[in-house]
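# sequence? don't have it. structure:
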């Protein structure tokens with residue numbers, strides 16, 4: 001089915017069962033991690049402000065320095081959810097860091113959503129510290145609560161050039177986005193959601209209405225939630241890649 005594109009300018013892994021939580025986001029779990037689909041990556045680790053070790057998979061570009069993209073997964077998931085898309089980004093010339101949020105995957109600690117915006121800021125700093133990355137050309141892409149974290153972290157870091165939000169919410173686990181998108185200012189933003197995911201679709205439209213810079217909202221009729229949208233909508237990868245090329249090059 002074709003998506004609905006709403007544009008304005010001021011200038012897969014296979015889906016696992018998911019259920020909406022009381023806060024609106026969908027909680028998904030998986031018994032085992034899917035191996036990353038590229039052999040051309042290395043694991044990076046760094047320490048948070050409270051001493052927790054976080055781990056991410058870094059996919060270096062073939063021709064450095066290159067634009068960098070930080071990927072943030074959904075609640076209850078892990079960095080491997082991004083493996084096919086991370087590999088695609090790598091093949092297109094980007095440097096990519098897919099992070100395991102605290103309490104997920106190979107990262108330590110317990111899920112602490114209040115601490116995670118700072119965790120993401122440190123993950124971004126780890127990404128741009130890699131010699132293969134152009135620190136002036138970076139974006140953060142997140143899904144579900146990862147989308148909220150992407151926007152909050154980008155709002156606090158003016159060097160982030162662009163963000164992509166898949167199935168964001170106005171409030172997931174206390175990570176709120178309305179003030180963040182105002183603080184994000186006039187930088188570009190791509191927002192994607194599915195109309196069968198009511199809370200995310202409503203939140204996406206609200207955030208699109210608050211966006212101050214170049215912004216694109218894409219609503220699919222029936223695609224599910226977060227990174228699960230890559231399955232029923234294989235054109236989603238092309239959509240994000242085309243948009244990133246406009247913002248970062250590559």
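It's in. Predicted model, so just to flag it, every value in this text is computed and none were measured. Residues are numbered from 1 along each chain as shown.
# what's near enough to touch the most centrally placed residue in the chain?
Taking Cα atoms, centre = their mean, the centroid of the chain lies closest to residue 142, which sits 1.5 Å from it. By Cβ atoms under 8 Å, 6 or more residues apart in numbering, the contact list for residue 142 reads 71, 72, 73, 148, 149, 150, 151, 163, 164, 165, 166, 168. For glycine as for every other residue, the C-beta is placed from the backbone atoms N, C-alpha and C.
# next, it: phi, psi?
The phi and psi values for residue 142, taken as degrees, to the nearest 10, are phi -140, psi 160.
# what about the residue lying closest to it once chain neighbours are set aside, how many residues nearby?
Of all residues not flanking residue 142 in the chain, residue 150 sits nearest, at 3.3 Å (Cβ to Cβ, 6 or more residues apart in numbering). Neighbour count of residue 150, defined by other Cβ atoms under 10 Å: 30.
# I figured residue 177 hits residue 150, correct?
No - Residue 177 is not in contact with residue 150 according to Cβ atoms under 8 Å; the separation is 9.6 Å.
# number of residues surrounding residue 130?
19.
# roughly how far apart are it and residue 54?
15 Å (Cβ to Cβ, to the nearest Å).
# show me where this protein has its helices.
83-91, 116-128, 145-156, 178-184, 198-210, 235-248 (DSSP state H).
# closest to residue 222 out of those helices?
helix 198-210 (11.0 Å; Cβ to Cβ).
# can you name every helix or strand that the closest one contacts?
When contacts are defined as 3 or more Cβ pairs under 8 Å, 6 or more residues apart in numbering; DSSP states H and E, helix 198-210 packs onto helix 178-184, strand 189-194, strand 215-220.
# now, of these, which is deepest in the fold?
strand 189-194 (a mean of 27; mean count of other Cβ atoms under 10 Å).
# surely residue 192 is in contact with residue 166?
Yes - between residue 192 and residue 166 there is a contact at 5.1 Å, judged by Cβ under 8 Å.
# so what sits against both of the two?
If you check residue 192 and residue 166 against Cβ under 8 Å, 6+ apart, the residues they both contact are residue 229.
# so, low pLDDT: which residues of the chain?
Scanning the chain for pLDDT under 70 picks out 1-39, 250.
# what about 50?
1-23, 26-38 (pLDDT under 50).
# and stretch 105-112, end to end?
Using Cα to Cα, to the nearest Å, the span of stretch 105-112 from its first residue to its last is 14 Å.
# now do stretch 222-239
End-to-end distance (Cα to Cα), stretch 222-239: 17 Å.
# how about it: buried residues?
Using 16 or more other Cβ atoms under 10 Å as the burial criterion, the residues of stretch 222-239 that qualify are 223-230, 232-233, 236-237, 239.
# can you list those residues in JSON lines and add distance to residue 41?
Below are those laid out as JSON lines (distance: Cβ to Cβ, whole Å):
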{"residue": "223", "distance to residue 41": "27"}
{"residue": "224", "distance to residue 41": "26"}
{"residue": "225", "distance to residue 41": "26"}
{"residue": "226", "distance to residue 41": "22"}
{"residue": "227", "distance to residue 41": "18"}
{"residue": "228", "distance to residue 41": "23"}
{"residue": "229", "distance to residue 41": "23"}
{"residue": "230", "distance to residue 41": "19"}
{"residue": "232", "distance to residue 41": "27"}
{"residue": "233", "distance to residue 41": "25"}
{"residue": "236", "distance to residue 41": "22"}
{"residue": "237", "distance to residue 41": "18"}
{"residue": "239", "distance to residue 41": "24"}
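# list the beta-bridge partners for the residue lying closest to residue 145 once chain neighbours are set aside.
Excluding the flanking residues, the one nearest residue 145 by Cβ to Cβ, 6+ apart is residue 172, at 4.2 Å. For residue 172, the beta-bridge partners are residue 175 (DSSP bridges).
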